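Student: build me a model:
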Amino acid sequence: MILASWFVARAHYGQLAGILTAGCVAALPAFIEFSVNARGYALQWLSVPVVMWFGIVLEQNPSLRIGSLGLVVAGVAGMYSITTTLMAIAGVFGWMLASTLADGEASKFKSTLRNVALAGIAIGLLSLLLYVPPLLVGGPAALMAKSVVEWQQGDFTKGFERMGQCAWVHWAGGVPTAALWLLFGGLVIGLLFHRRVCGRRVPMMIALWLAAAFFAWARHVFAFPRVWSYLLLSTVMTACAGLSLVLTSLAGRSRTRRIVVGGLAAVALAVFVGVGVIKQRVLFTSNEGGTIIDADAIVDYLSTQLRPDDSLLSNAIINYELLRRRPELYRSLVKPDEAARVAAVVVKSTGSTEFCTDGEVMPLLAAQDTPILKVWQRG
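Tutor: Coordinates of the predicted model:
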């Protein structure tokens, strides 16, 4: 994912911006989640930068057939992983058309329009083909299940405000304030001096954000913050493009010196953000499988009760916390059918709703039953 981000930023804004973007992706919690979370979101997030990269390549050379093929393959992979990839694809297509139209070359615009139309049709048909088996099993009604449209809201203003609050918590949580201000300053510079770092009239970031806003307004569906993480990536790329201008002025005309200065700046930024994130333990908290109150206390209690060669039946959060805090004990546990004793931690769930603040989740957590440890001994 770091490599994919570097490719996109390098193609769009230059080598120095690519190096800085790689450093940010390596340290920001919102991106690290996709490296440790084995779900469809990881494949979606990887597919979207690839779509962006092929979009940039095709915008430069509309006659490149391998570019069209790569765009279709990446788009289908993203659509098959999570269908909300459609929003990112629409944003990239919109940017390709707007950027070509702004250049004022009629022939190039016609070629780009043809590429976009053919790629869109191919992605749609191939994605539909891949979704035939799930549709046959679950039926079309499964697409409108409550779990799918749970985040759909009738009030656009409320939905947009809610999405913004959640996105800020998930994207900026744990990141040092100084780093956020640095990226904000780079974003302002990147937008104001876009033509100097890119050479194109239309920033891809603007096209992606407009497409996402239109989709949200038209359908009133706001989904989860990780669905919109490609918007954060495009924003970070633009911010790094702005910072690359500053570094270029400091490093001078020497290309080698620029790369060295950019590499040092990227490493320094990654270390600075990473240390702040680790200190606040942002990477160690996730509501992916729910949240358990006093998880640390539960793990401490388990540590006094479990023995080597026992087996533990619990959920991912307890297992992860035990692995993180007591790795030797965790690795000494065995499968249930091989253990003399089997211990189970029984915890009620808060449901599948995504929470954005502790004020929302704590009342539900406090209403849970106290977790119970049950132990069965063979014989």
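
Student: all strands for this protein, in order.
Tutor: Ranges of strands in the chain, per DSSP state E, are 311-313, 341-346, 372-377.

Student: comparing the ones you listed by mean pLDDT, which bottoms out?
Tutor: The minimum mean pLDDT among the strands of the chain belongs to strand 372-377 (a mean of 58).

Student: measure stretch 327-342 end to end?
Tutor: Using CA to CA, to the nearest Å, one end of stretch 327-342 lies 18 Å from the other.

Student: likewise for stretch 315-331?
Tutor: Where stretch 315-331 begins and where it ends lie 16 Å apart, using CA to CA.

Student: with stretch 56-72 instead?
Tutor: Terminal residues of stretch 56-72 lie 14 Å apart, using CA to CA.

Student: can you give the contact residues for stretch 22-42?
Tutor: With contacts defined as CB atoms under 8 Å, 6 or more residues apart in numbering, stretch 22-42 is touched by 1-3, 5-6, 9, 45-46, 81-82, 170-171, 173-175, 183, 225-227, 229, 232-233, 236, 239-240, 265-267, 269-274, 277, 282-283, 286, 288. No exception for glycine: its C-beta is placed from N, CA and C like everyone else's.

Student: return the set of buried residues in it.
Tutor: Residues of stretch 22-42 classed as buried by neighbour count (16 or more other CB atoms under 10 Å): 22-34, 41-42.

Student: and what of stretch 251-258?
Tutor: In stretch 251-258, the ones that count as buried by 16+ other CB under 10 Å are 251, 258.

Student: what's the farthest-apart pair in the buried residues of stretch 22-42?
Tutor: Gly23 and Tyr41 (22.2 Å; CB to CB).

Student: give the contact list for Pro133.
Tutor: Contacts of Pro133 by CB under 8 Å, 6+ apart: none found.

Student: so it versus Ala122, what's the distance?
Tutor: Going from Pro133 to Ala122 by CB to CB, to the nearest Å gives 20 Å.

Student: cool, and Tyr80?
Tutor: Taken as CB to CB, the span from Tyr80 to Ala122 is 14 Å.

Student: right, and Ala98 touches Met204 too?
Tutor: No - counting by CB atoms under 8 Å, Met204 is not a contact partner of Ala98; they are 9.6 Å apart.

Student: of the two, who's got more company?
Tutor: The neighbour comparison of Ala98 against Met204 (other CB atoms under 10 Å) goes to Met204, with 26 against 20.

Student: which residue packs closest to that one, ignoring adjacent ones?
Tutor: Residue nearest to Met204 in three dimensions, not counting chain neighbours: Trp95, with 4.8 Å by CB to CB, 6 or more residues apart in numbering.

Student: quick one: residues contacting the one you found.
Tutor: So Trp95 contacts 55, 59, 202, 204, 207-208 (CB under 8 Å, 6+ apart).

Student: quick check, pLDDT for Glu321.
Tutor: Looking at Glu321, its pLDDT is 76.

Student: ok, it touching Ala295?
Tutor: Yes - between Glu321 and Ala295 there is a contact under CB under 8 Å: 5.2 Å.

Student: how about stretch 339-346, which residues are buried there?
Tutor: By neighbour count on 16+ other CB under 10 Å, the buried set for stretch 339-346 is 339, 341-343, 345.

Student: ok, stretch 258-274 next?
Tutor: Using 16+ other CB under 10 Å as the test for burial, stretch 258-274 gives 258, 261-262, 265-266, 269-270, 272-274.

Student: spatially central residue for this protein, please.
Tutor: Closest residue to the average C-alpha location of the chain: Ser229 at 4.1 Å, with CA atoms, centre = their mean.

Student: residues touching that residue, list them.
Tutor: 30-31, 34, 45, 171.

Student: including distance to Ala213, could those go into JSON lines?
Tutor: Converted to JSON lines, these look like this (distance: CB to CB, whole Å):
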{"residue": "Ala30", "distance to Ala213": "19"}
{"residue": "Phe31", "distance to Ala213": "22"}
{"residue": "Phe34", "distance to Ala213": "23"}
{"residue": "Trp45", "distance to Ala213": "20"}
{"residue": "Trp171", "distance to Ala213": "17"}
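
Student: and the helices in the stretch 101-250 of the chain?
Tutor: 106-130, 132-138, 146-149, 156-172, 177-192, 194-197, 204-219, 229-251 (DSSP state H, counting those that start in this stretch).

Student: out of these, nearest to Leu302?
Tutor: Closest among the helices of the stretch 101-250 of the chain, using CB to CB: helix 156-172, at 29.1 Å.

Student: how about that closest one: buried residues?
Tutor: Using 16+ other CB under 10 Å as the test for burial, helix 156-172 gives 159-160, 163, 166-167, 170-172.

Student: quick check: the two most widely separated of those residues?
Tutor: Gly159 and Ala172 (20.1 Å).

Student: which non-adjacent residue is nearest Ala4?
Tutor: Of all residues not flanking Ala4 in the chain, Pro49 sits nearest, at 4.1 Å (CB to CB, 6+ apart).

Student: my error: substitute Ser127 in the last question.
Tutor: Per CB to CB, 6+ apart, closest to Ser127 is Met79, 4.1 Å.

Student: surely that neighbour and Leu128 touch.
Tutor: No - Met79 lies out of contact with Leu128 (CB under 8 Å); the separation is 9.2 Å.
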